[in-house]
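**Q** Predicted model follows, preceded by the sequence.
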Amino acid sequence: MNGVRIRLAAVPRPVYFYLAASFFMGLANAIFDTVFNFYLAERGLHEADAGVIYAVATGAMAVAVVPLLLLGRFVSQRHLLIGAAMLYALPFAALPFVGSVPTAAIVLSLILAGMLALLSVGNSIAGAHVSDGARTRLFSAFFICYLGAGTLGSTIVSLGTERIHTDNLTKYQILLFAALAAALVMLALRIPSAHVTAEPPKTVATGDRQPGEARNLVFIFIAAGFLGASIALVFRFANVVFSQAYGLPVSEISLILGVDKLVSIVGAIFAPLVVKRFSLRPSAAMIGVFVVIGLLLQSLVIPLTLFVVLYLARLLLNYGLMPLLDTLAVAGFARPRQLVSISLRQSSFYLGGAVAAAVYGALLDGGRWQATLWVSAACALVGSLTMTLVRDAKPAPVPVEETKSLEAA
């Protein structure tokens, strides 16, 4: 018991606040994601309108990396993080009132731009608090908190839709206010998590680069883009693939998809265990090969049970791979440029997913569900193998008082 206390005490306090804030961000997102489409339908906005709203917001999210990096030259990371938290949280207050495509697109764009900035700056600050060997555990803990909150959010929506006895529009508005409450708690927790170990120089993009950093930046961009493209099939089209491959009704598909967050949490727990056994880059290659094998097997004529098992294994392996990608986005760069690398990783991941979504949509419109699995497999292979090409940056000297880390955790 004393050993557990010692290990917990070795974790810097800002990291605890970072993980707690990540939990409430996951909770806000889960409640919002589950009900927003239904809310839009009650406002008279249907699938085509929702498609326009999400397209505009996703584009804004990808573009948000540019002002973020420009501001990073002149504004401290602490102020960047608090500003990003406000940009993310405060627009939630408008969600229960939006009633048109333009207003919904603007509000959602602000939320997603704030989320990208939070992921970029928050990961950069938290990663600086821990040693190299503890970063995979840190980012695994992030995914565990975020996905665990997603499970709780889905439960809240399920109970809320059953227990709130009012018209559908009011019911969805109440749930969106619950998402706002979670976002405001996240905002409060971001302030103590914004403590930085040492503020990097404001000239983050033009300082003295370590050898190989430009090469690492290219590889991070390629790896994140292809991994985002691969997993977009699961995130956006899993229900369509199940329907086309096996003709399952919506109720049965929902039952299968209902356990995905629990499996994803297991995958995030699994990542640091694999790295401890095989080290970082071999682990990325091994997981990528397993993903490819699973996707190719799914494209064959196999029993539904095996198809479902392979689908869940794909999710587990994805969330085993994501903490490794985040670790490389930090480890491959000196501290002044980690914000650049993490921001590029986030932006490339979502851009890759957006491009792949158009490809998957076109293939599925033609009933070619096997082809989507082949494309996803190829993207996973390229992304995971590219991760192995990222090399660690030379560590900068760290003062003795700043060495407190997760090493003992």
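**A** That came in fine, so what should we check first?
**Q** how near is Tyr54 to Gly353?
**A** With the distance defined as CB to CB, to the nearest Å, Tyr54 ends up 12 Å from Gly353. C-betas here are computed from N, CA, C, even on glycine.
**Q** More neighbours: which of these two?
**A** Gly353 (23 against 19; other CB atoms under 10 Å).
**Q** measure that one to Asn123 for me?
**A** Counting by CB to CB - Gly353 and Asn123 are separated by 18 Å.
**Q** what's the answer for Arg13, then?
**A** Relative to Asn123, and taking CB to CB, Arg13 is found at 17 Å.
**Q** These two: which is more packed in?
**A** Using other CB under 10 Å, the more surrounded residue of Arg13 and Asn123 is Asn123, with 25 against 13.
**Q** Just to check, that one is in contact with Ile342?
**A** Yes: under the criterion of CB atoms under 8 Å, Asn123 makes contact with Ile342 at 5.1 Å.
**Q** Between the two, which contacts overlap?
**A** Counting by CB atoms under 8 Å, 6 or more residues apart in numbering, the shared contacts of Asn123 and Ile342 are Asp326, Ala329, Val330.
**Q** With secondary structure as new columns, can these be given to me in JSON lines?
**A** Shown next, in JSON lines, are the shared contacts of Asn123 and Ile342 (DSSP: H, G, I helix; E, B strand; the rest coil):
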{"residue": "Asp326", "secondary structure": "helix"}
{"residue": "Ala329", "secondary structure": "helix"}
{"residue": "Val330", "secondary structure": "helix"}
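**Q** Can you tell me which of these has the most neighbours?
**A** Among the shared contacts of Asn123 and Ile342, the one with the most neighbours (other CB under 10 Å) is Ala329, at 30 neighbours.
**Q** show me the contacts for that one.
**A** Asn123, Ile220, Ala224, Gln338, Ser341, Ile342, Leu344, Arg345.
**Q** From Ala179, how far out is the fourth one?
**A** Pointing back at Gln338 there. For Gln338, the distance to Ala179 - CB to CB - is 30 Å.
**Q** Also the second one?
**A** Ile220 sits at a distance of 31 Å from Ala179 (criterion: CB to CB).
**Q** Same check on the first one?
**A** In this structure, Asn123 and Ala179 are separated by 22 Å, where distance is defined by CB to CB.
**Q** just Ala224 next, same as before
**A** Distance, Ala224 to Ala179, by CB to CB: 27 Å.
**Q** ditto for Ala356
**A** 27 Å.
**Q** ok, back up a step: by neighbours, which of the contacts of Ala329 wins?
**A** Ala224 (29 neighbours).
**Q** Confirm for me that it is in contact with Leu325.
**A** Yes: contact criterion CB under 8 Å: Ala224 and Leu325 qualify, at 6.3 Å.
**Q** so what's in contact with those two at the same time?
**A** Arg345.
**Q** just the contacts of Ala329 now: which is nearest His165?
**A** Nearest to His165 among the contacts of Ala329, counting by CB to CB, is Asn123 at 41.9 Å.
**Q** list the buried ones in stretch 181-192?
**A** Using 16 or more other CB atoms under 10 Å as the test for burial, stretch 181-192 gives Ala182, Ala183, Leu184, Val185, Met186, Leu187, Leu189, Arg190.
**Q** actually stretch 99-119, sorry about that
**A** By neighbour count on 16+ other CB under 10 Å, the buried set for stretch 99-119 is 101, 104-119.
**Q** Narrow these to those in helices?
**A** 101, 104-119 (DSSP state H).
**Q** what's around Thr166, how many residues?
**A** If you count neighbours by other CB under 10 Å, Thr166 ends up with 10.
**Q** Domains in this structure, by residue range?
**A** Here the domain parsing of the chain from automatic domain parsing is 1-194, 211-394.
**Q** residues making contact with stretch 303-313?
**A** For stretch 303-313, using CB under 8 Å, 6+ apart, the contacting residues are 234, 238, 245-246, 248, 256, 259-260, 263, 290, 294-295, 297-298, 302.
**Q** Could you check how far Ile106 is from Leu119?
**A** 21 Å.
**Q** What of Thr166?
**A** Distance, Thr166 to Leu119, by CB to CB: 35 Å.
**Q** so where's this structure shaky on pLDDT?
**A** 1-10, 47, 196-211, 250-251, 254-255, 258, 393-409 (pLDDT under 70).
**Q** And the strands in this structure?
**A** Counting by DSSP state E, the chain has no strands at all.
**Q** Centre of the chain to the lengthiest helix in it, how far?
**A** Longest helix of the chain, by residue count under DSSP H: helix 213-246. Distance, stretch centre to chain centre, for helix 213-246: 12 Å (CA atoms, centre = their mean, to the nearest Å).
**Q** Spell out the residue ranges of the helices in the stretch 151-300 of the chain.
**A** 168-193, 213-246, 250-257, 260-278, 280-298 (DSSP state H, counting those that start in this stretch).
**Q** got it, and the stretch 301-409 of the chain?
**A** According to DSSP H, counting those that start in this stretch, the helices that the stretch 301-409 of the chain contains are 304-331, 338-365, 369-387.
**Q** Need the residues that contact the last one.
**A** Surrounding helix 369-387, the residues in contact under the criterion CB under 8 Å, 6+ apart are 219, 222-227, 229-234, 237, 240-241, 244-245, 281, 284-285, 287-289, 291-292, 295-296, 298-299, 321, 324-325, 328, 352, 356, 359-360, 363-364.
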